[in-house]
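Engineer: Task: produce atomic coordinates for the following.
(one chain, ligands or ions: 1)
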Amino acid sequence: MKDLLKRTWTEIDLDRLAANVDIIRERANGRRLMAIVKADAYGHGDGVIAPELCRLGISFFGVSNVEEALSLRRAGVSGEILILGVTPPELAPTLAEQQLSQAVFCTEYARSLDAAARAAGVRVKTHLKLDTGMGRIGFRTDDAAAAAEELSAVSRLSGLKVEGIFSHFSVADALDPDSEAYTAGQQERFDAIVLRLQKEGLPLSYIHLQNSAGIIRHPDPLCNLVRMGISMYGLSPSRDFDGLLPVKPLMEMKTAVAMVKEIPAGCSVSYGRTFISERPMRVATVPVGYADGYRRALSNRADMLLHGKRARVLGTVCMDQLMLDVSDIPGVKAGDVATVFGSSQDAVIPVEELASLSGTINYEIICGISRRVPRVYFRGGKPIETVDYLLP
Ligand SMILES: *Cc1c(COP(=O)(O)O)cnc(C)c1O
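Structural biologist: Predicted coordinates:
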């Protein structure tokens, strides 16, 4: 294993990944699982997470773009890979050669992809993407008959091999009655079109609609595949869903104290002098900042854990460093490990705490941990592998 240079790093528990997948598999109730590993596996490192998922029996992956798909192939992932977003049509030969499936979301795009595929003498595997209410990419579905007609025309394009159909929820993570009704409407529009296409004999091997929130709250009897994202990483799709599925977070983020100093009253800390001490204090500097993904909005607001106790961020978060109040935590010294999020002894700082203090969601915090932060993977409580993007 590569040595960890103990500046700032994340620890990722692969045993928890296995446990989470088991929990979701049970909830999916016989449907196949697609693991969503876009955005470097939500910041967890797709080069390790995807092969680990293969070992756990997952053979279908979802990514956002062709680069991510190729990165999975390079990591040795041989299963099905669906690209959920657009790929330039001229890459049709790459899609075919690498056996990648491409979302097809409007007739214009389908025709371009088909033309490029036929010009190269290949066929591209595709899933039809419906817009049932997300308002993002997808065939419009207001008129089921018209949509079914458009979709069956696309399925006859000889450069494309339609294997699946899917859509995406926009408010499945909210449990108020309006949102639940909207989600039910999306599902109805989806089902109506799938049933029409099935009646016409279109071979749809993969029918999928559920994201994490959908898996937990909106199962669809027509679907035979679900797309697990945030829940696989052990986090909740929203605060409404806290505790609805007993998954546990895989990731913790840590840093090591660079220096501890005593300051008198009236001393300012960090850029802009947004913090001025009112009494003598002990201040620890830690080498983590917004360039690591620790958001500047957390200045003067968030805590880290040292020796199982909370230490408040003092002043503005810098690009590469920030200061903590350790006045009430005895014995803190250079080299001590601080938990940025995760647990230390009995104390916990959930990702969601940092998300709400900085006005965002857990997804954005974990995806925002930058590539200069090494990922250390654990199994059986022991580190087994370190990925350092800067020192490959
Ligand atoms: C990201 C994404 C998912 C996963 O969503 P989670 O809420 O993380 O489970 C599923 N489907 C599509 C189309 C996505 O873009």
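Engineer: Geometric centre of the protein: which residue is closest?
Structural biologist: Of all residues in the chain, the one closest to the mean position by CA atoms, centre = their mean is Y42, 3.0 Å from it.
Engineer: Do I have it right that that one meets Y363?
Structural biologist: Yes - using CB atoms under 8 Å, Y42 makes contact with Y363 at a distance of 6.9 Å. C-beta coordinates here come from the backbone N, C-alpha and C atoms, glycine included.
Engineer: same for the lengthiest helix in the chain, what does it pack against?
Structural biologist: Ranked by residue count, the top helix of the chain under DSSP state H comes out as helix 177-199. Packing partners of helix 177-199 (3 or more CB pairs under 8 Å, 6 or more residues apart in numbering; DSSP states H and E): strand 124-131, helix 144-155, strand 160-167, helix 212-217.
Engineer: 10 Å - rerun?
Structural biologist: strand 124-131, helix 144-155, strand 160-167, strand 206-208, helix 212-217 (3 or more CB pairs under 10 Å, 6 or more residues apart in numbering; DSSP states H and E).
Engineer: what's the residue in the chain that the ligand sits nearest to sitting at in phi/psi?
Structural biologist: Minimum separation of the chain from the ligand (CB to the nearest ligand atom) falls at G229, amounting to 2.2 Å. With angles defined as degrees, to the nearest 10, G229 sits at phi -120, psi -100.
Engineer: Can I get stretch 97-113 in PDB? Just the C-alpha atoms.
Structural biologist: Taking C-alpha atoms only, stretch 97-113 is exported to PDB below (Å, rounded to 0.1, in the frame of the first residue of the first chain):
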ATOM      1  CA  GLU A  97     -16.200  -0.700 -29.500                       C
ATOM      2  CA  GLN A  98     -16.300  -0.300 -25.700                       C
ATOM      3  CA  GLN A  99     -19.800  -1.900 -25.500                       C
ATOM      4  CA  LEU A 100     -21.200   1.200 -23.800                       C
ATOM      5  CA  SER A 101     -24.900   2.000 -23.700                       C
ATOM      6  CA  GLN A 102     -26.000   5.500 -24.500                       C
ATOM      7  CA  ALA A 103     -29.100   7.400 -23.300                       C
ATOM      8  CA  VAL A 104     -31.000   8.600 -26.300                       C
ATOM      9  CA  PHE A 105     -33.300  11.500 -25.400                       C
ATOM     10  CA  CYS A 106     -34.800  13.100 -28.500                       C
ATOM     11  CA  THR A 107     -35.300  12.300 -32.200                       C
ATOM     12  CA  GLU A 108     -32.700  14.800 -33.400                       C
ATOM     13  CA  TYR A 109     -30.000  13.200 -31.200                       C
ATOM     14  CA  ALA A 110     -31.100   9.700 -32.100                       C
ATOM     15  CA  ARG A 111     -30.700  10.500 -35.800                       C
ATOM     16  CA  SER A 112     -27.300  12.000 -35.400                       C
ATOM     17  CA  LEU A 113     -26.100   9.000 -33.300                       C
END
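Engineer: tell me the mean pLDDT over stretch 127-141?
Structural biologist: Mean pLDDT, stretch 127-141: 98.
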